[in-house]
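**Student:** no sequence for this one, just the structure:
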Ligand code: HEM
């Protein structure tokens, strides 16, 4: 009798779980449910963007849903729906999924995972500041990149069996970003400062712990959790010291960098402009900038190596447009780019062919909304399948092929495309887009004009397959590099 009771209770409970698993909000977009608790996570494998894209084909829906944990997520599948949601209804989709753990660790400060009024004030300040001193940033970026990409550093990569070229790019990008944000450069060989370049590398397991804080008590994730805490503490510790030094010799008439601009804002006593906010804002900018830009540099070189004809064409264009580059009497700038259609096509093709933020950063609906005839409740997490847009066969012929000239018209003019959205679009579009674009352009100019890049015959050409991370970055690879006009390599 007692057994019957337990069997009955378990059966009722299982049916209840199954039904609540199957239940989804009324008039919600269609999509796969996957397994109880895990949802479709077991299907994700290394490339969730491709798996979600296949589901999108299967459900034939511009907006699709799926289950992960206890949450129903939605995915925006094409450019029209993405523009409708993130631009036209942008305010409704401008939230970020809540991570109580991250909020606890950052005290709700920063910009990337903040929303509401605080985010609006920080974003407005960020846009104004970066725009105001963009010209200064441009020449600073050029000088720093020229310095960071000295042949001496490349030679070290060639000689050192353990050092790959991306290590050099990561160090260069870290120094460029630190200079622009807080006037700081780190010596490549300094072991005390090297940590700064590595502690902020993002791994998928970190994201999982962020959104499922309960996991921090389970052994393998416990270790990841400790790393997150250490990373946040270490980086903010370094930024704290630097900002204290900035305060000591602060001069409101000559603001040197982002930190100085923020201190000036703090002196006006704005509600959200505190020391803690400064530390987390700067940390967020560093994390957002370093991983993505390093990946972009890595993909540029992969493409230059795999397509020597592109290297040659870019070299010729730079030679024609920036005539005095070699003598050091002309600094490359945005205005040069206007006369460089091939360079611009090459960069646009890098962004299309190698989507770095394949699924964008997650958004959250801040109120109940209607999209493509479906009802999406408040607080629904939202993914944007950027990879799918960049590989849409109806827009791009043979999308898997790397062909910069697809972005040129019959007269050889560059055609900017709304179907290439590496920085996303709308309200939460990348804040550092202009900086990233300038950096990538200046990086290519500096590399192509000064060096000749050749595939390392021992390892062969690097692959386009990206490594498993929350940003699509190249696998480590080696190259041969020669100074132009010499056989030095
Ligand atoms: C190739 C380089 C880069 C790529 C591909 C990239 C891409 C992105 C993407 C896809 C987003 C998410 C947009 C959204 O949520 O809808 C984002 C956000 C952001 N990016 Fe970038 N990014 C790059 C470089 C940078 C740089 C250099 C900086 C800063 C100097 C930066 C700062 C930020 C910030 C602060 C956000 C959050 C904006 C917000 O939540 O309001 N990014 N980026």
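**Tutor:** In hand now; what should we look at? These figures come from a predicted structure and were not determined experimentally. Numbering: from 1, shown residues only.

**Student:** Going by C-alpha atoms from here, please, whenever you check contacts or count neighbours.
**Tutor:** Will do.

**Student:** Flag the shaky bits of the protein, pLDDT-wise.
**Tutor:** 1, 17, 19-21, 151-152, 155-163, 189-216, 269, 324-329, 468-471, 484-489 (pLDDT under 70).

**Student:** That one against the ligand: which residues are in contact?
**Tutor:** When proximity is defined as C-alpha under 6 Å from any ligand atom, the chain approaches the ligand at 111-112, 123, 285, 288-289, 292-293, 296, 356-357, 360-361, 422-425, 428-433, 435-436.

**Student:** Report the distance from stretch 282-299 to the chain centre.
**Tutor:** 6 Å (C-alpha atoms, centre = their mean, to the nearest Å).

**Student:** which ones are touching the residue of the stretch 1-150 of the chain found nearest the ligand?
**Tutor:** Closest to the ligand within the stretch 1-150 of the chain is residue 112: 3.9 Å, counting by C-alpha to the nearest ligand atom. Neighbouring residues of residue 112 by C-alpha atoms under 8 Å, 6 or more residues apart in numbering: residue 284.

**Student:** What secondary structure category should be reported for the residue nearest the centre of the chain?
**Tutor:** Central residue of the chain (C-alpha atoms, centre = their mean): residue 292, 4.1 Å from the mean position. Under the three-state scheme (DSSP: H, G, I helix; E, B strand; the rest coil), residue 292 adopts helix.

**Student:** again, but for the one 3 residues further on
**Tutor:** Following three-state DSSP, the label given to residue 295 is helix.

**Student:** What residues are bridge-paired with the residue lying closest to it once chain neighbours are set aside?
**Tutor:** The shortest distance from residue 295 to any non-neighbouring residue, by C-alpha to C-alpha, 6 or more residues apart in numbering, is to residue 473 (4.8 Å). Judged by DSSP bridges, the bridge partners of residue 473 are residue 467.

**Student:** From residue 464, how far out is residue 473?
**Tutor:** 9 Å (C-alpha to C-alpha, to the nearest Å).

**Student:** before we move on, what about residue 123?
**Tutor:** Counting by C-alpha to C-alpha - residue 123 and residue 464 are separated by 34 Å.

**Student:** how about the strands in the protein?
**Tutor:** Along the chain, the segments classed as strands by DSSP state E run 63-68, 71-76, 363-364, 369-371, 374-376, 381-384, 451-455, 466-467, 473-474, 479-483.

**Student:** Parallel or antiparallel, which strands does the last one pair with?
**Tutor:** Sheet pairing for strand 479-483, assigned by DSSP bridges, gives strand 451-455 (antiparallel).

**Student:** next one: the strand it pairs with to chain centre, how far?
**Tutor:** Mean-position distance between strand 451-455 and its chain equals 27 Å (C-alpha atoms, centre = their mean).

**Student:** Same question for it: list its buried residues.
**Tutor:** 451-455 (16 or more other C-alpha atoms under 10 Å).

**Student:** Kindly report the same for stretch 176-191.
**Tutor:** So for stretch 176-191, counting by 16+ other C-alpha under 10 Å, buried means 176-183, 185-186.

**Student:** now stretch 126-144
**Tutor:** In stretch 126-144, the ones that count as buried by 16+ other C-alpha under 10 Å are 126, 130, 133, 137-139, 141-142, 144.

**Student:** Residues in contact with stretch 390-406: which ones?
**Tutor:** Contacts to stretch 390-406, defined as C-alpha under 8 Å, 6+ apart, come from residues 342, 345-350, 352-353, 355, 419-421.

**Student:** Outline the domain layout of the chain.
**Tutor:** 1-93+367-390, 98-355+397-483 (automatic domain parsing).

**Student:** returning to what we had before: can you list the buried residues of strand 451-455 in CSV and add distance to residue 66?
**Tutor:** Below are these laid out as CSV (distance: C-alpha to C-alpha, whole Å):
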residue, distance to residue 66
451, 48
452, 47
453, 44
454, 45
455, 42
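
**Student:** Among the residues you listed, which one sits closest to the ligand?
**Tutor:** residue 453 (21.3 Å).

**Student:** That closest one reaches residue 480, doesn't it?
**Tutor:** Yes - with contact defined as C-alpha atoms under 8 Å, residue 453 counts as touching residue 480 (6.0 Å).

**Student:** Can you tell me how far residue 120 is from residue 87?
**Tutor:** 16 Å.

**Student:** Between those two, tell me which one has more neighbours.
**Tutor:** The neighbour count for residue 120 versus residue 87, taken as other C-alpha atoms under 10 Å, is higher for residue 87 (19 against 15).

**Student:** how about that one, what does it touch?
**Tutor:** Neighbouring residues of residue 87 by C-alpha under 8 Å, 6+ apart: 425-427.

**Student:** hmm, 10 Å instead?
**Tutor:** 81, 93-94, 424-429 (C-alpha atoms under 10 Å, 6 or more residues apart in numbering).

**Student:** Could you do residue 35 as well?
**Tutor:** 21, 41-43, 67-69.

**Student:** With residue 237 instead?
**Tutor:** Neighbours of residue 237 in contact, by C-alpha under 10 Å, 6+ apart: 231, 243, 279.

**Student:** Which one (most neighbours) among the residues you listed?
**Tutor:** Per-residue neighbour counts (other C-alpha under 10 Å) across the contacts of residue 237 peak at residue 279, which has 23 neighbours.

**Student:** Verify the stated contact: it with residue 234.
**Tutor:** No - counting by C-alpha atoms under 10 Å, residue 279 stays clear of residue 234, with 11.2 Å between them.
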